[in-house]
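Participant: Give the three-dimensional model of this entry:
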Amino acid sequence: MRYIDTNVILRFLTNKSSNKKLIDFFKKIEKGEEEVKCIDMVFFQTIFVLKSFYKIEKEEIIDAMRNLLTFKGLRMKDKQTIERTLDLWERHPDDIIDCYIVACMEKDGESEIYSFDKKIERLGIRRINP
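Facilitator: Residues are numbered from 1 along each chain as shown. Down below sits the predicted model:
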């Protein structure tokens, strides 16, 4: 199985109508006719670039990334944790990486974190100063 890079996802999400070959490629991924491996870092880098460079609103990014997660041929290590991350990020003004940390903690049954970041407590976990 081949891996997919951030720039391919970004080009698909930001230029949908301009590249028929790319659109067809993602239609195959959506249907499961093509399988690609997406590592978490690529997923989060895509979000970062959409937000920082393209200035796309958080809600629109969440919708686009949730849609991408439904693609049958998109393989990720743990889609459920990524989905939970988007759920947390949608409801909280926190940084998406804080949301990812909490989603991973929930999966592992943990509730405490060493952190100096007081706002992470808004996500329902206990922060401990190291």
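Participant: Which residue ranges make up the domains of this structure?
Facilitator: For the chain, automatic domain parsing gives the domain ranges 1-77, 78-130.
Participant: Adding mean pLDDT and mean neighbour count, write those out as JSON lines.
Facilitator: C-betas here are computed from N, CA, C, even on glycine. JSON lines is the format used below for these (pLDDT from 0 to 100; neighbours: other C-beta atoms under 10 Å):
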{"stretch": "domain 1-77", "mean pLDDT": "95", "mean neighbour count": "15"}
{"stretch": "domain 78-130", "mean pLDDT": "95", "mean neighbour count": "15"}
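Participant: Find the nearest non-adjacent residue to Leu88, please.
Facilitator: Cys99 (3.9 Å; C-beta to C-beta, 6 or more residues apart in numbering).
Participant: who touches the one you found in this structure?
Facilitator: Contacts for Cys99 (C-beta atoms under 8 Å, 6 or more residues apart in numbering) come out as Thr85, Leu86, Leu88, Trp89, His92, Leu123.
Participant: The same query, at a cut-off of 7 Å, please.
Facilitator: Contacts here follow C-beta atoms under 7 Å, 6 or more residues apart in numbering; on that basis Cys99 touches Thr85, Leu88, Trp89, His92, Leu123.
Participant: Over to Lys72: give its phi and psi.
Facilitator: phi -60, psi -30 (degrees, to the nearest 10).
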